[in-house]
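[1] What follows is a predicted protein model with its sequence.
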Amino acid sequence: MRAYYTVTNAGRDCIQYRARLHELWNHTRPDLPMDPHQLSDQVRSILRRNALSRAELEQLKVEVGTQMNKEPTDPIEPVIPMTPPRRRSTIYQLTRNEHIYMQQKKNVELVNSYVAVKITESVSLLETSHLVYCAATTVAILLDLPVRPFTHCQDLKPDQEPPWRKRLLKTINKIRTDISYIHIYLTTRNPSKNV
């Protein structure tokens, strides 16, 4: 707990303390190696189980605070993880392609500003639809995205019916056959008992 309070400035700076706690622990206790996760779990366990009373914890805080004020401490160097070579090339590639991204962003903003002006001037839904389609096509061409030709829903093949219509016709035909059986049963004098 003393190492925890030393690293967190008597409990006042608890943000990202694991690496600092690990470094301090390895410096003071090299005979007992522990990883940062184990150390933070130990601290949480002590606090949760109330292994030390509140008075003892406060006394530790005061001792650490006075000790920190008395002796100048060397700042603990932050632990900077090494970036693997794969990650380095990705970061470099992102910065190298940044000018392309900025140009594309400018193009999209230009089209957006033009569409914002024209959309307020449009008077019909058809005109607005065409405007939005043209803007989307323009942006797709500028960004080198594939653009498929525009197709209307009515452009289906003449022999092809939509699935909902096929289902509806099938249901209607089934109901018609049931009605015809009922009609025959009601109109005949001696109906069959099989119906």
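    Alright, I've got the coordinates.

[2] Val117 sits in which helix or strand?
    For Val117, the host element (DSSP states H and E) is helix 98-121.

[3] helices or strands up against that helix?
    helix 125-142 (3 or more C-beta pairs under 8 Å, 6 or more residues apart in numbering; DSSP states H and E). To be clear about C-beta, it is placed using only N, CA and C from the backbone, and glycine gets the same treatment.

[4] Against Val7, how distant is Met1?
    11 Å (C-beta to C-beta, to the nearest Å).

[5] should've said Lys106
    From Lys106 to Val7 the distance is 47 Å (C-beta to C-beta).

[6] Compare these two and say which is more crowded by neighbours.
    Val7 (24 against 11; other C-beta atoms under 10 Å).

[7] how near is that one to Gln38?
    Remark: distance between Val7 and Gln38 (C-beta to C-beta) = 15 Å.

[8] Which secondary structure elements does the host helix or strand of Lys170 sit against?
    Using DSSP H and E, Lys170 maps to helix 163-187. Helix 163-187 is packed against no helix or strand, with contacts defined by 3+ C-beta pairs under 8 Å, 6+ apart.

[9] Output the lowest mean pLDDT helix or strand found in the protein.
    The helix or strand of the chain with the poorest confidence is helix 85-96; it has a mean of 57 (mean pLDDT, DSSP states H and E).

[10] got a list of what Pro36 touches?
    Residues in contact with Pro36 (C-beta atoms under 8 Å, 6 or more residues apart in numbering) are 18-19, 21-22.
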